[in-house]
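Novice: Sequence isn't available, so here's the structure alone:
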């Protein structure tokens with residue numbers, strides 16, 4: 001796909017947190033009522049999914065500052081990006097599947113260290129009367145390492161949570177947080193067969209490679225989605241806006257740091273193309289509801305739909 005031609009807009013206006021904050025606080029109040037009397041309740045976990053370039057970083061910063069400063073709730077923000085495989089492990093994964101373009105670089109489901117994420121969440125959330133909060137190392141990933149291929153920082157460089165002031169809210173954000181595998185997997189084949197090369201990216205990949213990503217999502221669904229208390233989805237009227245949004249961000253980077261900074265328009269298209277198959281396969285499932293079918297989770301997902309200008313056009317609770 002190619003980046004749509006449209007006027008650039010790089011200034012992020014936060015019209016989302018005024019909608020998100022009341023939703024989160026109302027669900028948090030319910031959570032606290034359910035856990036009243038517990039000496040060490042685990043953090044309230046907010047999942048947040050936003051398509052690339054939509055202003056997710058601006059929103060997460062505003063949410064964390066509001067929860068922390070205005071509401072007095074110690075808040076920890078974690079990105080799924082910090083749980084990418086190490087550089088060495090990513091190279092090994094790519095070498096094991098040399099013809100699968102979806103696994104050659106970090107990004108797609110299957111390129112994260114889920115055991116590390118499980119260990120992190122377990123350490124942070126396993127608290128009882130006899131097992132109070134303890135220091136939990138927070139993994140860090142450097143996307144600039146190895147000429148942009150990225151690598152995880154050594155554990156000695158990771159910060160840790162403060163057991164004397166443990167987080168009461170955890171915001172877990174990422175572009176694929178909330179994705180659920182298509183079940184049965186035959187749905188992948190149906191979408192692959194019906195995809196048009198003129199409007200999508202699925203037919204650029206072998207069916208077996210798409211099925212491999214779908215299979216990897218089984219563990220993501222269990223580890224990630226199973227841990228969430230509420231979910232916020234920043235959707236777009238047209239997912240293809242992501243190409244223009246990313247191009248705008250890179251153009252802004254070049255203006256700020258010089259022509260050598262940021263990706264070219266051609267590089268942006270190749271970069272987003274690597275992610276776009278997952279949008280085509282799994283975004284509809286997020287729109288239908290991450291918690292669908294789960295008892296007691298009705299009304300625990302907020303969906304905001306934004307236009308080309310990144311401003312909210314519609315909001316709904318699922």
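Specialist: Done, it's in. These figures come from a predicted structure and were not determined experimentally.

Novice: Show me where this structure has its helices.
Specialist: When secondary structure is read from DSSP state H, the chain shows helices at 17-34, 56-65, 87-96, 114-125, 186-194, 207-223, 241-257, 265-288.

Novice: need the least confident one among those helices, by mean pLDDT.
Specialist: For the helices of the chain, the weakest mean pLDDT is recorded on helix 241-257, namely a mean of 86.

Novice: Show me what that one is packed up against.
Specialist: In this structure, helix 241-257 makes packing contacts with helix 265-288, judged by 3 or more C-beta pairs under 8 Å, 6 or more residues apart in numbering; DSSP states H and E. Just so you know, the C-beta spots here come from the backbone N, C-alpha and C atoms, and that holds for glycine as well.

Novice: quick one, what contacts the nearest residue to residue 217 once chain neighbours are set aside?
Specialist: For residue 217, ignoring the flanking residues on the chain, the nearest one in space by C-beta to C-beta, 6 or more residues apart in numbering is residue 181 at 3.9 Å. Contacts were defined as C-beta atoms under 8 Å, 6 or more residues apart in numbering; by that measure residue 181 touches 214-215, 217-218, 221, 282.

Novice: among these, which ones are buried?
Specialist: For those, a burial check counting by 16 or more other C-beta atoms under 10 Å picks out 214, 217, 221, 282.

Novice: Closest one to residue 165 out of these, please.
Specialist: Nearest to residue 165 among those: residue 221, at 31.8 Å, using C-beta to C-beta.

Novice: For the closest one, list the residues it contacts.
Specialist: 179-181.

Novice: could I get those as JSON lines with distance to residue 271 and pLDDT?
Specialist: As requested, those are arranged in JSON lines below (distance: C-beta to C-beta, whole Å; pLDDT from 0 to 100):
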{"residue": "179", "distance to residue 271": "19", "pLDDT": "97"}
{"residue": "180", "distance to residue 271": "24", "pLDDT": "96"}
{"residue": "181", "distance to residue 271": "24", "pLDDT": "97"}
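
Novice: Just these: which are in strands?
Specialist: Among these, no residue falls in strands (DSSP state E).

Novice: list the contacts for residue 87?
Specialist: Residues counted as contacts of residue 87 (C-beta under 8 Å, 6+ apart) are 145-146, 149-152.

Novice: In this structure residue 50 contacts residue 236, no?
Specialist: No: proximity of residue 50 to residue 236 does not meet the contact threshold set by C-beta atoms under 8 Å, at 9.0 Å.

Novice: Between these two, which contacts overlap?
Specialist: Counting by C-beta under 8 Å, 6+ apart, residue 50 and residue 236 have no contacts in common.

Novice: Can you say which of the helices of the chain is nearest to residue 231?
Specialist: Using C-beta to C-beta as the measure, helix 265-288 is the one of the helices of the chain that comes nearest residue 231, at 8.3 Å.

Novice: helices and strands around that closest one, which ones?
Specialist: Packed against helix 265-288, as judged by 3+ C-beta pairs under 8 Å, 6+ apart, are the following elements: helix 186-194, helix 207-223, strand 230-236, helix 241-257.

Novice: I'd like to know how far residue 175 sits from residue 283.
Specialist: Computed as C-beta to C-beta, to the nearest Å, the residue 175 to residue 283 distance reads 10 Å.

Novice: Kindly report the same for residue 14.
Specialist: Taking C-beta to C-beta, one finds residue 14 at 23 Å from residue 283.

Novice: more neighbours, the two?
Specialist: When neighbours are counted by other C-beta atoms under 10 Å, residue 283 comes out ahead of the other of residue 14 and residue 283, with 20 against 14.

Novice: so that one sits right up against residue 239, yeah?
Specialist: Yes: with contact taken as C-beta under 8 Å, residue 283 and residue 239 are classed as touching, separated by 6.2 Å.

Novice: Save the contacts of residue 181 as JSON lines, and put in distance to residue 200 too.
Specialist: Shown next, in JSON lines, are the contacts of residue 181 (distance: C-beta to C-beta, whole Å):
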{"residue": "214", "distance to residue 200": "16"}
{"residue": "215", "distance to residue 200": "21"}
{"residue": "217", "distance to residue 200": "19"}
{"residue": "218", "distance to residue 200": "24"}
{"residue": "221", "distance to residue 200": "23"}
{"residue": "282", "distance to residue 200": "13"}
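
Novice: Among those, which one sits closest to residue 115?
Specialist: Sorting these by how near they are to residue 115, with C-beta to C-beta, puts residue 218 at the top with 14.5 Å.

Novice: Leaving out the residues flanking it, which one is nearest to that closest one?
Specialist: Of all residues apart from its sequence neighbours, residue 181 sits closest to residue 218 (C-beta to C-beta, 6+ apart), at 5.4 Å.

Novice: cool, and residue 97?
Specialist: The shortest distance from residue 97 to any residue other than its chain neighbours is 4.9 Å, reached at residue 103 (C-beta to C-beta, 6+ apart).
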